[in-house]
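Enquirer: Generate coordinates for the sequence data below:
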Amino acid sequence: MKHIRTKRAFMPIEALFIVAIFSLLVASLLVIVSLIRVKSDATLSLGDLDQIRSSLESYKRDGGSYPVSCGFEGYLSFYDCPEIPNAPNPCWIVPLGNMGDCPLPRERTGNTDGMSQYVYKSNGRDYKLIYVNPPSLSVPSERYDPARLPGKRGLPSAYGYWTAGAKNW
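Expert: Presented below is the predicted three-dimensional model:
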């Protein structure tokens with residue numbers, strides 16, 4: 001009597017197990033890519049703020065003080081500058097435009113509501129340059145704005161640069 005060999009196929013439970021493992025690997029990869037993108041955005045934003053900070057320091061070296069901001073909150077990167085009504089202004093810290101340092105970087109996530117943006121406030125002697133309500137706080141903790149730590153005074157989180165006199169603004 002001859003034994004007929006049959007090819008053994010995957011059983012349904014084995015196929016499901018393989019699909020589940022593959023799905024977990026893909027999900028893990030997506031999470032890693034997302035975390036890398038968030039960290040990259042935070043690094044680029046700190047680079048933007050550092051570039052603006054360098055322009056501010058050059059302005060102070062040349063003129064003896066930082067550009068004085070206008071309004072209650074100072075200059076906001078999301079909105080047009082009040083000095084040029086109804087026109088987008090590539091230099092949202094207006095006095096820096098006279099130095100040829102514009103266009104200045106703007107917030108990178110492409111938000112359309114103005115909630116996440118760069119903010120500059122100065123009285124001429126001190127300044128604070130921060131990224132308000134960023135998508136992530138994936139930056140060194142010494143860059144966290146002490147006046148806007150998560151939950152403190154109900155304000156959004158922020159990070160950036162400031163002089164000693166503007167630390168708690």
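Enquirer: pLDDT-wise, which helix or strand of this structure ranks last?
Expert: The least trusted helix or strand in the chain, going by mean pLDDT, DSSP states H and E, turns out to be helix 94-97, with a mean of 70.
Enquirer: Would you mind identifying the next helix or strand past it?
Expert: In the C-terminal direction, the helix or strand that comes right after helix 94-97 (DSSP states H and E) is strand 117-122.
Enquirer: Can you show me the helices along this structure?
Expert: 12-63, 94-97 (DSSP state H).
Enquirer: Ok, which of these comes nearest Ile130?
Expert: Closest approach to Ile130 among the helices of the chain (C-beta to C-beta): helix 12-63, 7.7 Å. To be clear about C-beta, it is placed using only N, CA and C from the backbone, and glycine gets the same treatment.
Enquirer: other SSEs contacting the closest one?
Expert: In this structure, helix 12-63 makes packing contacts with helix 94-97, strand 117-122, strand 127-132, strand 158-162, judged by 3 or more C-beta pairs under 8 Å, 6 or more residues apart in numbering; DSSP states H and E.
Enquirer: Find out how far it is from the centre of the chain, if you would.
Expert: Helix 12-63 sits 11 Å away from the centroid of its parent chain (C-alpha atoms, centre = their mean, to the nearest Å).
Enquirer: re the thing from before, could you dump the helices and strands packed on helix 12-63 to JSON lines with distance to Asp41?
Expert: Formatted as JSON lines, those follow (distance: least, C-beta to C-beta, whole Å):
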{"stretch": "helix 94-97", "distance to Asp41": "24"}
{"stretch": "strand 117-122", "distance to Asp41": "13"}
{"stretch": "strand 127-132", "distance to Asp41": "10"}
{"stretch": "strand 158-162", "distance to Asp41": "12"}
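Enquirer: If I average pLDDT within each of these, which one is lowest?
Expert: Ranked on mean pLDDT, the bottom entry among the helices and strands packed on helix 12-63 is helix 94-97, at a mean of 70.
Enquirer: Can you give me the distance of Ser77 to Ser40?
Expert: Separation of Ser77 from Ser40 (C-beta to C-beta, to the nearest Å): 19 Å.
Enquirer: Give me the more crowded residue out of the two.
Expert: Ser77 (20 against 12; other C-beta atoms under 10 Å).
Enquirer: Can you report how many residues neighbour Met115?
Expert: Met115 has 12 nearby residues by other C-beta under 10 Å.
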